[in-house]
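Student: this one's structure only:
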């Protein structure tokens, strides 16, 4: 079936709804390109993923140094988008049951976008037990996702952070994040039920229902040229970046703090990584992740190209303009064989790790 890739605005994001979706890929681009028209700069990659049968969500983010807060915004954005995708699919006569299940959602990030995915993955370990508690206490009749109060949540979060010996995150901050996520999830669940109304919603009654899971449990992800850096990567000269850090306004979490979260995390098992041979920007991040074996070596791949290799503008469906990499112009078939096919193969390999249903 020949279908056109067409993005429409939903909430703060751009979404291309597939008529016969096998799942959803949520894409977080690199700095600058993640803020300005990622649907143009990553056009060939996005077009290829859409052709493979995925609904595509382009998640935006602000230029901010508080990456932890921005990561929680991205999770809220997922919940805000789902009811609208279901509404669009339902009234267009498309399949929409795929959007009910957590396991059908995947993430792909490039450069800084990978840090947000890593933070969501790390936060998932904190909330994985929260998910279990919430499902056990679930009362579908009144659509309350979690019976525990914010005060109870804070006590539990205090215990988790203390046990993990993570001192740079306050329980108040984490509690604020989870309350916002819960609030958005509740609102979106109500909206989804309204759109579906009298239709059969038996698939809601499972702990894999997307609104009953916090952050990205059971969601596969692929990191493309991940770059986890400090303030001095965005602010030059270095003395100015150091000054901003001393004021407490620098990147949060820092590179060391992010890797501390990753190291102490028991997740990062549904993840793949694609590195590039000529990439000096992501080199240190890739090496550090390799030391931690997150992801495992069999889910890592190194391809020719530089840091901006994932960017590519498709021209008239015949060729791809690689603005920042060589060859500058190549056929769609050659480009897909060199990069995009590797990415989708790795995603399928990672998704095979999910328990069979």
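Tutor: Everything's here; your move. Values in this document were obtained by computation on a predicted structure and should not be read as measured data. Numbering: from 1, shown residues only.

Student: Isn't residue 228 up against residue 114?
Tutor: Yes. Look at residue 228 against residue 114 with Cβ atoms under 8 Å: they come within range, at 7.4 Å. Using the backbone N, CA and C atoms, a C-beta is placed for each residue, glycine as well.

Student: overlap in contacts of those two?
Tutor: residue 285 (Cβ atoms under 8 Å, 6 or more residues apart in numbering).

Student: all strands in the protein, in order from the N-terminus.
Tutor: Ranges of strands in the chain, per DSSP state E, are 8-10, 13-16, 23-28, 54-58, 105-110, 220-224, 271-276, 300-303, 313-315, 319-321, 329-331.

Student: For the ones you listed, give me JSON lines that also has mean pLDDT, mean neighbour count and distance to residue 243.
Tutor: What follows is the strands of the chain, written out as JSON lines (pLDDT from 0 to 100; neighbours: other Cβ atoms under 10 Å; distance: least, Cβ to Cβ, whole Å):
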{"stretch": "strand 8-10", "mean pLDDT": "95", "mean neighbour count": "13", "distance to residue 243": "38"}
{"stretch": "strand 13-16", "mean pLDDT": "96", "mean neighbour count": "21", "distance to residue 243": "34"}
{"stretch": "strand 23-28", "mean pLDDT": "96", "mean neighbour count": "25", "distance to residue 243": "29"}
{"stretch": "strand 54-58", "mean pLDDT": "97", "mean neighbour count": "25", "distance to residue 243": "34"}
{"stretch": "strand 105-110", "mean pLDDT": "96", "mean neighbour count": "27", "distance to residue 243": "29"}
{"stretch": "strand 220-224", "mean pLDDT": "96", "mean neighbour count": "27", "distance to residue 243": "31"}
{"stretch": "strand 271-276", "mean pLDDT": "96", "mean neighbour count": "25", "distance to residue 243": "33"}
{"stretch": "strand 300-303", "mean pLDDT": "97", "mean neighbour count": "16", "distance to residue 243": "37"}
{"stretch": "strand 313-315", "mean pLDDT": "92", "mean neighbour count": "16", "distance to residue 243": "38"}
{"stretch": "strand 319-321", "mean pLDDT": "95", "mean neighbour count": "20", "distance to residue 243": "40"}
{"stretch": "strand 329-331", "mean pLDDT": "95", "mean neighbour count": "14", "distance to residue 243": "44"}
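
Student: Using CSV, lay out those together with distance to residue 240.
Tutor: As requested, these are exported to CSV (distance: least, Cβ to Cβ, whole Å):
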stretch, distance to residue 240
strand 8-10, 36
strand 13-16, 33
strand 23-28, 27
strand 54-58, 32
strand 105-110, 26
strand 220-224, 29
strand 271-276, 29
strand 300-303, 34
strand 313-315, 34
strand 319-321, 35
strand 329-331, 39
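
Student: Now do the contacts for residue 18.
Tutor: Residues near residue 18 by Cβ under 8 Å, 6+ apart: 3, 50, 53, 54, 55, 56, 94.

Student: now do 6 Å
Tutor: When contacts are counted by Cβ atoms under 6 Å, 6 or more residues apart in numbering, residue 18 touches residue 55.

Student: same deal with residue 245?
Tutor: residue 231.

Student: Grab the nearest non-local neighbour of residue 157.
Tutor: In space, and not counting its chain neighbours, residue 157 is closest to residue 171: 4.6 Å by Cβ to Cβ, 6 or more residues apart in numbering.

Student: okay, the one you found: pLDDT?
Tutor: The score at residue 171 is 76. That number is its pLDDT.

Student: That one: neighbouring residues, count only.
Tutor: Neighbour count of residue 171, defined by other Cβ atoms under 10 Å: 17.

Student: Test my guess that it contacts residue 178.
Tutor: No. The pair residue 171 / residue 178 is not scored as a contact, 10.4 Å apart, by Cβ atoms under 6 Å.
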